[in-house]
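Undergrad: Coordinates only, no sequence provided:
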């Protein structure tokens, strides 16, 4: 008897993602046990998204402290299968030592992979590493480029940091009008620090004008 080969269509995956989102994130329907069970089934047939949701279930479920190592392994499996959000999550796990020994070099390597694929969180995190020289050689110009890429994808913290970079000439030529533009965009995205920074910047400019 020929074994049944299960392949999920795009619509199948979309329907399962909706169901998993309900089981993990909708307050009235939340059921981690059922969500983890469904994610396991998807993982068993080699679906990267199954590993991703399984990792979330282990990391955020009732036994999250005991499940960190399991979550890390699930993130790793999904990342190796090419799941970009999982690559970013794996990088974060390495950077914070969540379920694995802290390894900043490994974190940077996975951040690079996710960043090249266009993941805005990975681009922001990698930019922070370049800006501060964490796990890799400090490179303000590279940090600026990554902040810009993430900022264009509406990453509010990247937008704020990009504004700071323009204001101070960090990794780029100083450009105060660009700084104001990105502070305002970050504020519209909901970044509180950007609001404080813009207010401070405007007060400073006003005082400079009065002292001329």
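TA: Everything's here; your move. Because the structure is a prediction, the values reported are computed rather than measured.
Undergrad: contacts, neighbours, all on C-alpha from now
TA: Will do.
Undergrad: Helices along this protein, start to end?
TA: 10-25, 32-44, 48-60, 68-80, 84-96, 104-116, 120-132, 140-152, 156-168, 176-188, 192-210 (DSSP state H).
Undergrad: Which residues are in contact with residue 119?
TA: Residues near residue 119 by CA atoms under 8 Å, 6 or more residues apart in numbering: 84-85, 88, 150.
Undergrad: Columns neighbour count on top of those residues, output as CSV?
TA: Shown next, in CSV, are those (neighbours: other CA atoms under 10 Å):
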residue, neighbour count
84, 25
85, 21
88, 27
150, 26
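Undergrad: and which of these is nearest residue 56?
TA: Taking CA to CA as the measure, residue 85 is the one of those closest to residue 56, at 11.6 Å.
Undergrad: coming back round to it: return the member of the contacts of residue 119 nearest to residue 122.
TA: residue 88 (5.3 Å).
Undergrad: if I look at the residue nearest to the spatial centre of the chain, how far off is residue 132?
TA: A centroid search over the chain (CA atoms, centre = their mean) returns residue 121, at 2.8 Å, as the residue closest to the centre. Here residue 121 is placed at a distance of 17 Å from residue 132 (CA to CA, to the nearest Å).
Undergrad: residue ranges with poor pLDDT in the chain?
TA: Where the chain drops to pLDDT under 70, the residues are 1-6, 63-66, 207, 209-212.
Undergrad: go again using 80 as the cut-off
TA: Along the chain, segments meeting pLDDT under 80 span 1-8, 61-66, 206-212.
Undergrad: Make CSV from the contacts of residue 119 and add distance to residue 58 to it.
TA: Converted to CSV, the contacts of residue 119 look like this (distance: CA to CA, whole Å):
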residue, distance to residue 58
84, 19
85, 16
88, 17
150, 28
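Undergrad: got the contact list for residue 113?
TA: With the criterion set at CA under 8 Å, 6+ apart, residue 113 makes contact with residue 87.
Undergrad: I meant to write residue 165 there.
TA: With the criterion set at CA under 8 Å, 6+ apart, residue 165 makes contact with 144, 171-172, 174, 179.
Undergrad: Going by distance to residue 25, which of these wins?
TA: residue 144 (34.1 Å).
Undergrad: since we're on that closest one, how many residues are nearby?
TA: 26 (other CA atoms under 10 Å).
Undergrad: do residue 89 as well
TA: 24.
Undergrad: how near is it to residue 22?
TA: In terms of CA to CA, residue 89 sits 21 Å off from residue 22.
Undergrad: Ok, residue 189 next?
TA: For residue 189, the distance to residue 22 - CA to CA - is 26 Å.
Undergrad: And for residue 128?
TA: 33 Å.
Undergrad: Tell me who's in contact with residue 55.
TA: 70-75.
Undergrad: need those residues in a markdown table with neighbour count, can you?
TA: Formatted as a markdown table, these follow (neighbours: other CA under 10 Å):
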| residue | neighbour count |
| --- | --- |
| 70 | 19 |
| 71 | 27 |
| 72 | 25 |
| 73 | 18 |
| 74 | 24 |
| 75 | 29 |
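Undergrad: any chance of those in CSV, with distance to residue 106 too?
TA: Putting those into CSV (distance: CA to CA, whole Å) gives the following:
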residue, distance to residue 106
70, 18
71, 17
72, 13
73, 14
74, 16
75, 14
